[in-house]
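Peer 1: sequence first, predicted model second:
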Amino acid sequence: MTEGAGSAGKAASAGEDGSAAKAPSAKKATPGSAKKQTPGSEKKAASGGKSGSARKAAPVKKAAPVKKSATAKKAVSGRKVAPAEKAVAADGAVAVKKAAPARKVAVEPSGKESRTALVRRARRINRELAEVYPYAHPELDFENPFQLLVATVLSAQTTDLRVNQTTPGLFARYPTPEDLAAANPEEVEEILRPCGFFRAKTRSVIGLSKALVEDFGGDVPGRLEDLVKLPGVGRKTAFVVLGNAFGRPGITVDTHFQRLVRRWRWTEETDPDKIEAAVGALFPKSDWTDLSHHVIWHGRRICHARKPACGACPIAPLCPAYGEGETDPEKAKKLLKYEKGGLPGQRLNPPQAYLDAGGRPAPPLGAA
């Protein structure tokens with residue numbers, strides 16, 4: 001019971017035994033005033049009644065963070081952008097602020113992501129890309145490990161398409177390591193001229209052919225430590241050969257791979273060897289070769305260096321870099337390359353699975 005209600009009760013008792021007229025506060029403690037001082041009327045006053053004390057208490061109740069806590073329960077967890085947010089003004093009015101269209105985001109704006117969340121997101125991206133590019137394959141034409149090794153060395157600082165248009169003439173004239181090891185450098189340079197850096201590449205392919213003949217009996221070795229000893233062969237080239245000619249898992253860290261894994265925040269490393277180690281730790285070893293194909297294909301077709309087609313990207317909800325490129329779907333479609341844009345691929349002799357999926361072989365060198 002409140003203090004006002006207690007004094008009202010005493011006044012009522014005094015009136016019954018005839019002593020109400022003698023009480024100094026009897027006039028204030030009339031039955032009518034007692035009714036105004038009941039607990040129910042205090043609650044009414046706090047809700048906006050005429051009582052002065054109630055008016056002072058009202059702001060205290062309004063200041064309680066009831067609406068704020070209710071809104072906090074609806075706050076996003078970092079996976080979705082809320083379609084609208086309610087803001088409480090100083091006068092208690094509720095204003096609705098429209099937000100951007102709802103889109104799943106991979107990482108919170110703060111950039112914080114647990115190791116477990118990173119692994120799950122990275123593996124989901126790979127699964128999504130596997131569905132988009134089920135026919136992904138090495139985009140260099142080759143028929144044996146030696147041809148793949150030479151073609152990979154030639155692909156530095158140029159496109160696989162240009163290499164594929166050049167190697168038919170090279171392998172027609174020098175089909176084996178023994179033939180290329182004994183070749184006239186000037187003749188090889190003339191064949192390799194379209195690939196760029198043809199003098200340095202001529203030295204590399206002739207040098208590695210001599211090393212294969214002298215150290216490995218003319219056969220391409222199937223071990224990483226042996227491959228990287230060959231002239232012009234680094235870890236990237238070695239993993240291409242190991243993964244696609246020998247079926248041994250490896251991660252190919254080319255320029256496309258480096259760009260995309262940083263955009264996806266799989267790693268902040270810039271050194272290829274460190275990128276290889278960081279990304280390899282996110283996936284089982286058995287996934288490494290196909291992962292390389294998926295990432296490189298996506299970098300060539302959709303997630304370009306200068307104008308990524310964000311609006312046509314199948315993994316946009318998982319990408320922290322969404323918005324760096326064109327987000328309008330119609331405009332983004334015009335940026336697609338190779339089979340995704342209805343254009344020829346990079347191989348003159350692609351696998352049948354690629355052709356079955358609608359891919360078109362590249363034209364030979366000199367074709368209109």
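Peer 2: That came through, no problem. Predicted model, so just to flag it, every value in this text is computed and none were measured.

Peer 1: and the gap between V241 and G342?
Peer 2: Distance of V241 to G342, computed by CB to CB, to the nearest Å: 32 Å. Just so you know, the C-beta spots here come from the backbone N, C-alpha and C atoms, and that holds for glycine as well.

Peer 1: can you list the weak-confidence ranges in the stretch 1-150 of the chain?
Peer 2: Confidence mapping of the stretch 1-150 of the chain against pLDDT under 70 gives the ranges 1-111.

Peer 1: alpha carbons only: can I get the strand or helix carrying L212 in CSV?
Peer 2: If you go by DSSP states H and E, L212 is part of helix 198-216. Only the C-alpha atoms of helix 198-216 are listed here, as CSV (Å, rounded to 0.1, in the frame of the first residue of the first chain):
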residue,chain,number,x,y,z
PHE,A,198,60.1,-15.2,-76.6
ARG,A,199,63.9,-15.1,-76.1
ALA,A,200,63.7,-15.9,-72.3
LYS,A,201,61.0,-18.5,-72.9
THR,A,202,63.2,-20.1,-75.6
ARG,A,203,66.0,-20.4,-73.2
SER,A,204,63.7,-22.0,-70.6
VAL,A,205,62.1,-24.6,-72.8
ILE,A,206,65.4,-25.6,-74.4
GLY,A,207,67.1,-25.7,-71.0
LEU,A,208,64.4,-27.8,-69.3
SER,A,209,64.4,-30.2,-72.3
LYS,A,210,68.2,-30.7,-71.9
ALA,A,211,67.7,-31.2,-68.1
LEU,A,212,65.0,-33.8,-68.8
VAL,A,213,67.3,-35.7,-71.2
GLU,A,214,70.4,-35.5,-69.0
ASP,A,215,68.9,-36.0,-65.5
PHE,A,216,65.7,-37.9,-66.0
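
Peer 1: give me the buried positions along that helix.
Peer 2: In terms of neighbour count (16 or more other CB atoms under 10 Å), helix 198-216 has its buried residues at 198, 201-202, 204-213, 216.

Peer 1: output the below-cut-off pLDDT ranges for the stretch 251-368 of the chain.
Peer 2: 368.

Peer 1: which residues of it fall in helices?
Peer 2: In the stretch 251-368 of the chain, the helices defined using DSSP state H, counting those that start in this stretch lie at 255-263, 272-280, 288-301, 329-333, 352-356.

Peer 1: for stretch 150-164, measure first residue to last.
Peer 2: End-to-end distance of stretch 150-164 (CA to CA, to the nearest Å): 11 Å.

Peer 1: list the buried ones in it?
Peer 2: Neighbour-count burial for stretch 150-164, counted by 16+ other CB under 10 Å, picks out V150, A151, T152, V153, L154, S155, A156, D160, L161, R162, V163, N164.

Peer 1: stretch 286-305 now?
Peer 2: Neighbour counts over stretch 286-305 (16+ other CB under 10 Å) mark 287-304 as buried.

Peer 1: V241 and G342: which has the busier surroundings?
Peer 2: More neighbours surround V241 than the other of V241 and G342, with 28 against 11 (other CB atoms under 10 Å).

Peer 1: please read off the pLDDT at that one from the model.
Peer 2: V241 carries a pLDDT score of 97 in this model.

Peer 1: count residues in the vicinity of D356, would you?
Peer 2: Using other CB under 10 Å, D356 is surrounded by 9 other residues.

Peer 1: give me the contacts around the helix holding L212.
Peer 2: With contact meaning CB atoms under 8 Å, 6 or more residues apart in numbering, helix 198-216 is reached by 146, 149-150, 153-154, 156, 177-178, 180-181, 183, 185, 188-189, 192, 195, 218-220, 226, 229-233.
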